[in-house]
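Trainee: Dropping the sequence and predicted coords here.
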Amino acid sequence: MAGLDFVSDLKPYKSMWKIRVKVIRLWKQYSGVVGETIEMVLVDSKGDMIHGTVKKELVTQFDPFISAGVTKLMVNFTVTHSAGSYRTTKHPYRIVFLPTTRVRVCDDLPINLTGLNPVSYGSVLDGTLNSDYLVDVIGQIVEVSHVEVVSVNGKDTQKLSLEIRNQDDNRLPIVLWGKFATEVNDAIQLRGEQQIICVLRFAKIKVWKGERSISNAYNVSEVALNPTMDEVEAFIALLPKDDLTFAIVESKPLALTNGVSDKDDFFLYTSRRTISEVKASRQVEKCVVLCTIAGIDSDMGWFYLSCKVCSKKVLNVPNETVDDGSDVDVFKHNYFCVKCNLHNPVLIPRYKLHIVVLDNTSDTKFLLFDNLALQLLHQPCIELTGPIKDEEWQEPYLMPAAINNLVGKTFLFKIAIERENYLYKHETYKVLKIISNTEMITEFEVTHSPTSDSKSRTPAKRVGAPVINLEDTFDQSSVTRTLCPVKIKKEKKDSSG
């Protein structure tokens, strides 16, 4: 196209530029200073990239005309200096839309023009790269932790730790936060491939105590597993032929979040309570309880079906033709996600365990959701339920052995005491965090037991070998009985599911 400029030509001395670019990343960003803006990364036919911004007063004007993956002709915009510690490109400048900027339809740039430029692991780990610039990485996932919920600026946030390797079998640690953690965790659970390739774009190099890792940069980053890309195919061809698959591992127990380690959270900043003290509490608070799992309440089930998109529990919707006289329709139903307003969404089973716990003072029930149950069981819920297919599915109400094997083990639990617990005598407390590390549990017992009688407050001296007699203290048969499997037919998904 005649008269076009290239991204490498752009400089601040004028505004009447004309470029043909592809939008390879698009997101909205909000700050208290500048309000909501549209941010984007653009690439031209030469593969050169530049950052673009639409300020808050122009968002309504340009929002309908810009989409990710689409090629556009952009004319008349300001070119200004690029700055900050989250720079998406190496270009010294960025473009800022004007009220008189024009966005026009044009011929598409090649579909394989992605701007992907993976950096070497060595350049990340040895400090060669400037951490002000976001980077792309690609690798095979070889280790993945359970999803943790950690407190960041007073707000609970999901965290997932990964380790990837390259064609030389070098390793690179990755930490994903928020929706990135849950989405990748869900995707890993649903995939049956022996080999999972992770592509993380516009990622932040993090440095803590001299150690470097990669993390998502808020909503700027983009992560994909086994995407269809030329670069991914080329990477797979170079990997060692050792059939290595990923393993679920424990997260580092002392990993810091805003300067507070898990150990400090449990040992210093959160008060310890016995179960009898928890039940006697008359205030909203968080506390740490050292106790032993005595049973699993199977009456409450052990998992629920959730929507893959929003992670919320889906509803069963009975078939509207159940009264037509046909016995075959009695158990037919489909699923509905209230939050997404969608029938038959893609489903993911998630743990929801009601466990009976006790110490030397009393017993009660704790509630563990998916990420915390995964920390104890070391296998995704879908491995115990089996894949949820379109055809008839047998819902496994029988309690798996892996869950029953938790009985008799001792852990440190950080729980929340809510108003309904003491106002309405609801003796099921939500678990916020768990420490399963044996050394830390032993240290906690020693440092947090009364010096006069250290044994009076400790329910178990070793994980898996408590000193109390569980059978005499609690009747397990009342909470671990199993039910007969119920046969369920699931409706075929429509094309939107």
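Mentor: Yep, it's here.
Trainee: Any stretches of the stretch 101-250 of the chain with poor pLDDT?
Mentor: Residue ranges of the stretch 101-250 of the chain with pLDDT under 70: 154, 191-194, 245-250.
Trainee: show me where it has strands.
Mentor: 135-145, 148-152, 155-165, 171-177, 197-208, 211-216, 222-225, 247-249 (DSSP state E, counting those that start in this stretch).
Trainee: Same list (these) but as a markdown table, adding distance to residue 303 and mean neighbour count.
Mentor: (Each C-beta comes from the backbone N, C-alpha and C, glycine too.) Formatted as a markdown table, the strands of the stretch 101-250 of the chain follow (distance: least, Cβ to Cβ, whole Å; neighbours: other Cβ atoms under 10 Å):
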| stretch | distance to residue 303 | mean neighbour count |
| --- | --- | --- |
| strand 135-145 | 20 | 21 |
| strand 148-152 | 18 | 18 |
| strand 155-165 | 18 | 19 |
| strand 171-177 | 23 | 20 |
| strand 197-208 | 26 | 21 |
| strand 211-216 | 28 | 19 |
| strand 222-225 | 23 | 18 |
| strand 247-249 | 17 | 14 |
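Trainee: Switch those strands over to TSV; also include distance to residue 75.
Mentor: TSV is the format used below for these (distance: least, Cβ to Cβ, whole Å):
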stretch	distance to residue 75
strand 135-145	29
strand 148-152	42
strand 155-165	41
strand 171-177	38
strand 197-208	26
strand 211-216	33
strand 222-225	27
strand 247-249	51
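Trainee: Tell me which of these sits nearest to residue 53.
Mentor: Relative to residue 53, the nearest member of the strands of the stretch 101-250 of the chain by Cβ to Cβ is strand 197-208, separated by 14.9 Å.
Trainee: what angle separates the closest one from strand 211-216?
Mentor: 130 degrees (axes from the mean of the first three to the mean of the last three Cα atoms, to 10 degrees).
Trainee: Which secondary structure elements does strand 197-208 sit against?
Mentor: strand 135-145, strand 171-177, strand 211-216, strand 222-225, helix 230-238 (3 or more Cβ pairs under 8 Å, 6 or more residues apart in numbering; DSSP states H and E).
Trainee: Can you check what angle separates the first one from helix 230-238?
Mentor: Using the same axes, to 10 degrees, the direction of strand 135-145 lies 50 degrees away from that of helix 230-238.
Trainee: For strand 135-145, C-alpha coordinates in CSV please.
Mentor: Taking C-alpha atoms only, strand 135-145 is exported to CSV below (Å, rounded to 0.1, in the frame of the first residue of the first chain):
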residue,chain,number,x,y,z
VAL,A,135,9.2,-10.6,27.8
ASP,A,136,7.9,-13.7,26.0
VAL,A,137,8.8,-17.2,27.2
ILE,A,138,8.0,-20.7,25.8
GLY,A,139,8.6,-24.0,27.5
GLN,A,140,7.4,-27.5,28.4
ILE,A,141,5.7,-27.6,31.8
VAL,A,142,7.6,-30.1,33.9
GLU,A,143,6.3,-29.2,37.4
VAL,A,144,3.1,-27.6,38.6
SER,A,145,2.0,-26.8,42.2
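Trainee: Just tell me which of the strands of the stretch 101-250 of the chain ends up closest to residue 447.
Mentor: So among the strands of the stretch 101-250 of the chain, strand 148-152 is nearest, using Cβ to Cβ, at 22.0 Å.
Trainee: And the helices in this protein?
Mentor: 59-62, 121-125, 179-190, 230-238, 262-264, 275-280, 370-377, 381-385, 401-404, 419-423, 438-447, 470-473 (DSSP state H).
Trainee: Would you mind finding the most buried of the ones you listed?
Mentor: With neighbours taken as mean count of other Cβ atoms under 10 Å, the helices of the chain reach their highest mean count in helix 370-377, at a mean of 22.
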